[in-house]
Structure formats: structure tokens, C-alpha cells
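Trainee: generate coordinates for the sequence data below:
(2 chains)
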Amino acid sequence: MSEHEHDHDHPHEPIGNGDEPPAAARARALEQLLIEKGAISHEDVRKRIDWLVSRSPADGARLVARAWVDPDFKRRLLADARSAALELGLDPGPSPVVVAVENTDDVHHMVVCTLCSCYPRALLGPPPAWYKSTSYRSRAVSDPRRVLDEFGVELGDDVELRVLDSTADIRYLVMPRRPAGTEGMSEDELAALITRDSMIGVAQPAAPAPIG
Amino acid sequence: MTYQPGQRVRVAARSHEGHHRTPGYVKGKTGTVERAHGSFRNPETRAYGADGLPEQRLYLVGFAQRDVWPDYAGESRDRIYLDLFEHWLEDAE
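Mentor: Take a look at the predicted model:
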């Protein structure tokens, strides 16, 4: 309690949850109950949050960049993304299985979770807010070409668009196409082109900066 | 029964009270098994504090978008894939 006493008579706004959404208040109440009952500790929750926010798309980008320069690694990544991540010293996270899918000239993948917000957090970090929005979750499955268009991705009529709705234990990571004009680039330079959105499948990798 | 990649399957059209991972938009639709993921604990019981055992086989199943959305605006070759548990699938060969 601060020095601000509450047995006073001046008017002020009730001290409430401010703009806290009802779901957040519910989660906080549940967390408190679970802690009181000894099911979890504050430390468990903090460690998990720290782990989640320490993840970043840079890890996914390292995987993709290696796959772009090393065909054998690409085969291993597509066969078993978890092992491939471990091979690069990356932390693929706890249980959910990660499956990498490859975009080609003929096939474009994009990922959604219509039921909630399943996402390869270990390799991409926390999902963006739009990924969790009702609008993206409903329209990515039913009208995906328009959604891609809104993201600035134009697919040709001859490209097969594959939407992956991650409904269960598997997390999908898109391996985007390597852009033209990147032949001489190092693995680190390539990794810098591989954006989060390109690994969700709603963007192409960044174009290489023009020389000179 | 166990399904193999390439096999045609229909998603059960039944309703299910409580948590499940089979979105309504594919119930009753027919698709093709793309890959078998192995077995995982059942979210329908895990969601209520049980251990989710026995594990259920999980498959990636692909559908033609036009089979799922009759007025689909994209290309006829476009597809949608979902992970579906075996007890939601029926043989459609």
C-alpha cells in the first residue's frame, strides 16, 4: 500500500483493472489460484515467459539460411526440423513437433491456427498480434489469396496455394524461396533476408540490397 | 483403422460437446492423407485434466479448397491441410 490512504472522501475513479481485458483478468486469477494450491510457482511462470520472449525469428532464419546453402541440410530439415535445429545448436523447445515445409516456384505454403494461436514459438518467438486475430484466423483458411494480397504477396494462377491449419500437436515452419540475386551472399547475409512473416508464409523474403 | 498417405478419408460429421481439435469447416468433407505424424495424447480428455491416454494417431489431411468452400474464390488447385486425429476419420476409398 502506498501512502495514498483510501479512507478519505475525495472522489476518484474506482481502482480497477484499467484496460485489462476480461481474459487477462481471468488468466491472472487462475494463475493466482494455481500458485495458492501449489500446482505452479511464480518462478515457473516467470521462467516460461522469459523463455518465450527470449525466442526470436532469427533462429528460424538460421535454419532456412543453412538449408538454402546446404542441400543435405535442407533434406534433413524437411525430414525432421527438430533434429535439424538441434544440429545448429538451436533450442526447438518442448514437446510440439516442428515440421518444415518448402515453398517452390510451383507451391506456396502459409500457416494459420484457426482454433487458437499454435505457432512454432521456439523457433520464431511469440506470434504477431494479427496471427491471433479472428480476422486472420477465419479468412486465411477461406479466402487465403485475398489475405496474401493484403500482405503484398501476389501468387500466379499457376501456383498451388497450400494453407496449413495447425490444429493439433504439430507446428509448421515455412521455408521460403531463396530470392534471385543472392547467389554470392554468405549464410549470415541470407539469414538477414529471412523475415518472420516469410516463415509464416505471408511474405516473400526481403530482396537483397542493390550493390553499390 | 490405420491410414496411409494417399488414402482418401472423410472427416466424421458428428458434433462433439467440449474441447476438440476438428474444426467445423472440414466436418463431413473428404480429403487425402498427406502424412502420418505418429501418435499423440488426446486433447479431448487432456483438456479436462486427464492424461490423454491412450495416444491417438494424428494425420495431416489435405483437401481441395473447392471441396471445403463451395464458393472458394482462389484457384482450383489450391489446397488446405489440417492435422486430424484418427478417431475423426472414416475410410472414403
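Trainee: all contacts plus neighbour counts: C-alpha atoms, from now on.
Mentor: Fine.
Trainee: contacts only, for A:A58.
Mentor: By Cα atoms under 8 Å, 6 or more residues apart in numbering or on different chains, the contact set of A:A58 is A:L123, A:L124, A:A191.
Trainee: can you give me the buried ones in stretch B:52-61?
Mentor: Residues B:G52, B:Q56, B:R57, B:L58, B:Y59, B:L60, B:V61 are the ones in stretch B:52-61 that count as buried (16 or more other Cα atoms under 10 Å in any protein chain shown).
Trainee: tell me which of those is nearest to chain A?
Mentor: Closest approach between these and chain A, by Cα to the nearest Cα: B:L58, at 8.3 Å.
Trainee: mean confidence for the strand or helix carrying the closest one?
Mentor: Taking DSSP states H and E as the criterion, B:L58 maps to strand B:56-64. What strand B:56-64 shows for mean pLDDT is 97.
Trainee: what pairs with it, and is each one parallel or antiparallel?
Mentor: According to DSSP bridges, the neighbouring strands of strand B:56-64, each with its direction, are strand B:30-40 (antiparallel), strand B:79-85 (antiparallel).
Trainee: thinking again about what came up before, just the ones in helices from the contacts of A:A58, please.
Mentor: Secondary structure assignment by DSSP state H places A:L123, A:L124, A:A191 of the contacts of A:A58 in helices.
Trainee: okay, now the residue nearest to B:A64 when sequence neighbours are not counted: neighbour count?
Mentor: The shortest distance from B:A64 to any residue that is not its chain neighbour, by Cα to Cα, 6 or more residues apart in numbering or on different chains, is 4.6 Å, and that residue is B:R79. As a burial measure, B:R79 scores 22 neighbours (other Cα atoms under 10 Å in any protein chain shown).
Trainee: beta-bridge partners for B:R79, please?
Mentor: A:R162, B:A64.
Trainee: quick one: contacts for it?
Mentor: Contacts were defined as Cα under 8 Å, 6+ apart; by that measure B:R79 touches A:E160, A:L161, A:R162, A:V163, B:G62, B:F63, B:A64, B:Q65.
Trainee: ok, so of the residues you listed, who is nearest A:R139?
Mentor: Of all the contacts of B:R79, the one with the least separation from A:R139 (Cα to Cα) is A:V163, at 10.9 Å.
Trainee: so the most centrally placed residue in chain A is in which element?
Mentor: Of all residues in chain A, the one closest to the mean position by Cα atoms, centre = their mean is A:P127, 3.9 Å from it. Of the helices and strands defined by DSSP H and E, none includes A:P127.
Trainee: show me what contacts it?
Mentor: By Cα under 8 Å, 6+ apart, A:P127 lies in contact with A:S117, A:Y119, A:R121.
Trainee: who's in contact with the residue positioned nearest the centre of chain B?
Mentor: Taking Cα atoms, centre = their mean, the centroid of chain B lies closest to B:L84, which sits 2.9 Å from it. Listed by Cα under 8 Å, 6+ apart, the contact partners of B:L84 are A:T167, A:A168, B:R21, B:T22, B:L58, B:Y59, B:L60, B:V61.
Trainee: so the fifth one makes contact with B:G38?
Mentor: I take that to be B:L58. Yes - judged on Cα atoms under 8 Å, B:L58 makes contact with B:G38 at a distance of 5.9 Å.
Trainee: could you measure from the residue nearest to the centre of chain B over to B:Y48?
Mentor: Shown here: B:L84 relative to B:Y48, a distance of 19 Å by Cα to Cα, to the nearest Å.
Trainee: same deal with A:Y136?
Mentor: Per Cα to Cα, A:Y136 is found 28 Å from B:Y48.
Trainee: neighbour-wise, which of the two wins?
Mentor: Here A:Y136 and B:Y48 are set side by side on neighbour count (other Cα under 10 Å), and the busier one is A:Y136, at 19 against 11.
Trainee: spatially nearest residue to that one, not counting backbone neighbours?
Mentor: A:W130 (6.5 Å).
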